[in-house]
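S.K.: please work out how this folds:
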Amino acid sequence: MVSFKFLDLPLDLLPVIFDQLSLPRHLRNICLVNKTFQLFATPKLYEQICIHSWHKRGKERVILLFLTLSRYHHLAKHVRRLELRDFPKALANSDGLDIIETVIHGLRNCANLQSCTWTRDGSLDSSILEALQSCHNLQTLEINGHAEGSYDPKLLIRFGDLHSLSLIMPSSSVISVLRPWLQCLRTPLRSLTIVCKTSPILTNAKLELLAPYLSRLEHFHLTGCSRVTQDGIESVLSANEDGIVSLDLEGLSPKFDLSQFTLYCNKTNSLRRLRSITLTVNQQTSLNTWMNEIAALLPATVPLETFQIYSSGAFIEQSPATEQLWSHLLNAHQGHLTRFSIHRMLISLNTIEDVCRRCTKLEQLFVVIEPSSLENLSSCLSLAPNLRVIHINYPLETTQMGNIHILPESDAQKIVDRCGPNVVQFGCNTRVWQVSREALLDQHDAPVVIKRRVMRYQGLDIPEAFLVVRT
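M.R.: Take a look at the predicted model:
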């Protein structure tokens, strides 16, 4: 029998193997094996860099990161995505090190940077924006839009190659430069996200001024823009040439008239390419009316794949109105729904069973159920063979009255064991597990079965379930 060593693997397989490693420390250890492993693992290690608020020693991480990027150009060139959701507001010089200059130098070295996220309020300044403008491959920008006392909004106009733009809590000065900014883009924007906190800054009139420069927009997401009604959304859709693909309308004006918006969309066929929609429940409209209007907005002619809805106000109990909407969605879209996401709204096990049984392409399921229903949930989930990500939340009153149910890992394992073969992530309330796979060997070291095991979530990205409710 010919012996085989791991080091005998064809080099072409190494990137495929390294792609299975999610933690930077694992890739770092791979780099220490030998020069060949280092050659293939180093680009993967630096390709995506994320710093979140829950990371320990965040300030120290930032300084060490930019020291590396500023001193080692050959490493900085591998950075494609830089995500800084936590960044010190004040970086004082220490030990003779000019930290701001180090950050700027590090950014300038990231010649192949394609996506940058910098969202902490007060941490972005004009010099950092100017440094990012030297990254000529930058196409995706997500920044905190509160410019006062931090940076000159006019500098934003110099980002001329963007395809995707996200503004978090923008100030009026940033909104005012949006029109000239969009005019200066070399190609029309494909994705625009504006996240406010019940802010009146963005209005229908301002959207009407922006609309002519959003003709190729595919992804349009507004959150917390309390002065925007259906008129502002219609102005953007009317200028769209190809049809919107993803639409998020969260926490907009209480005067938003969904029935009028539905009439407009049906008349103009504006949602002919719509694949994804996120909506919130208008607390000023009766639940029965709002659910019926959503059903009318999303007929079978819309190629919907992702449906998300949540209540931004009071928790909504299970009712005939909500059950009727779920039934309509299944009848109209069961053949192509891949994600079904319901938050702050109770849903019955019968509906979950229908979703899992009828939506043959379902990959992601986020729902709210009573803790007592968890035991019977597994039989529903087992009906969805393509399910990859599951997240369960309990009703708000269950956690707000001191009756906090924390799902033991052993119970999570039991649920995952009954799910289809493709599950990679399971969560309940604030806990998230990833699903690893281990080959069990027989006495001849031949694999006989693949065993799944839940383990603490270790991915770089924030789990999707925590990104839905934003208002």
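S.K.: report the secondary structure state of the residue nearest to residue 129 when sequence neighbours are not counted.
M.R.: Nearest non-adjacent residue to residue 129, counting by CB to CB, 6 or more residues apart in numbering: residue 155, 4.7 Å away. Quick note: C-beta positions are derived from backbone N, CA and C, even for glycine. Using DSSP: H, G, I helix; E, B strand; the rest coil, the three-state assignment for residue 155 comes out as helix.
S.K.: and what of the one 5 residues further on?
M.R.: Here residue 160 takes the coil state, with states given by three-state DSSP.
S.K.: how close does it sit to residue 76?
M.R.: Here the criterion is CB to CB, to the nearest Å. By it, residue 160 lies 22 Å from residue 76.
S.K.: the more surrounded of the two?
M.R.: residue 76 (22 against 13; other CB atoms under 10 Å).
S.K.: follow-up on the earlier one: who are the neighbours in contact with the residue nearest to residue 129?
M.R.: Residue 155 makes contact with 126, 129, 130, 133, according to CB atoms under 8 Å, 6 or more residues apart in numbering.
S.K.: in stretch 30-47, which residues are buried?
M.R.: In terms of neighbour count (16 or more other CB atoms under 10 Å), stretch 30-47 has its buried residues at 30, 31, 37, 40, 41, 42, 43, 44, 45, 46.
S.K.: please read the previous query as pertaining to stretch 170-190.
M.R.: So stretch 170-190, judged by 16+ other CB under 10 Å, has buried residues 170-171, 173-175, 177-178, 181-182, 185, 188-190.
S.K.: figure out the length between the terminal residues of that stretch.
M.R.: Taking CA to CA, to the nearest Å, the first and last residues of stretch 170-190 lie 19 Å apart.
S.K.: and the contacts of it?
M.R.: 145-148, 153-154, 156-165, 167, 194, 196, 201-202, 206, 209-210, 213-219.
S.K.: just the buried residues out of those residues, in PyMOL syntax.
M.R.: Paste this into PyMOL to select the buried members of those, with burial taken from 16+ other CB under 10 Å:
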select buried, resi 145+146+147+153+156+159+162+163+164+165+167+194+196+201+202+206+210+213+214+217+218+219
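S.K.: returning to that earlier point: redo the buried residues of stretch 30-47 as JSON lines? Include secondary structure and pLDDT.
M.R.: Putting those into JSON lines (DSSP: H, G, I helix; E, B strand; the rest coil; pLDDT from 0 to 100) gives the following:
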{"residue": "30", "secondary structure": "helix", "pLDDT": "90"}
{"residue": "31", "secondary structure": "helix", "pLDDT": "91"}
{"residue": "37", "secondary structure": "helix", "pLDDT": "88"}
{"residue": "40", "secondary structure": "helix", "pLDDT": "91"}
{"residue": "41", "secondary structure": "helix", "pLDDT": "91"}
{"residue": "42", "secondary structure": "helix", "pLDDT": "93"}
{"residue": "43", "secondary structure": "helix", "pLDDT": "93"}
{"residue": "44", "secondary structure": "helix", "pLDDT": "93"}
{"residue": "45", "secondary structure": "helix", "pLDDT": "93"}
{"residue": "46", "secondary structure": "helix", "pLDDT": "94"}
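S.K.: determine which two of these are furthest apart.
M.R.: 37 and 46 (14.9 Å; CB to CB).
S.K.: do you know how far the residue nearest to residue 129 is from residue 118?
M.R.: Residue 155 is 13 Å from residue 118, by CB to CB.
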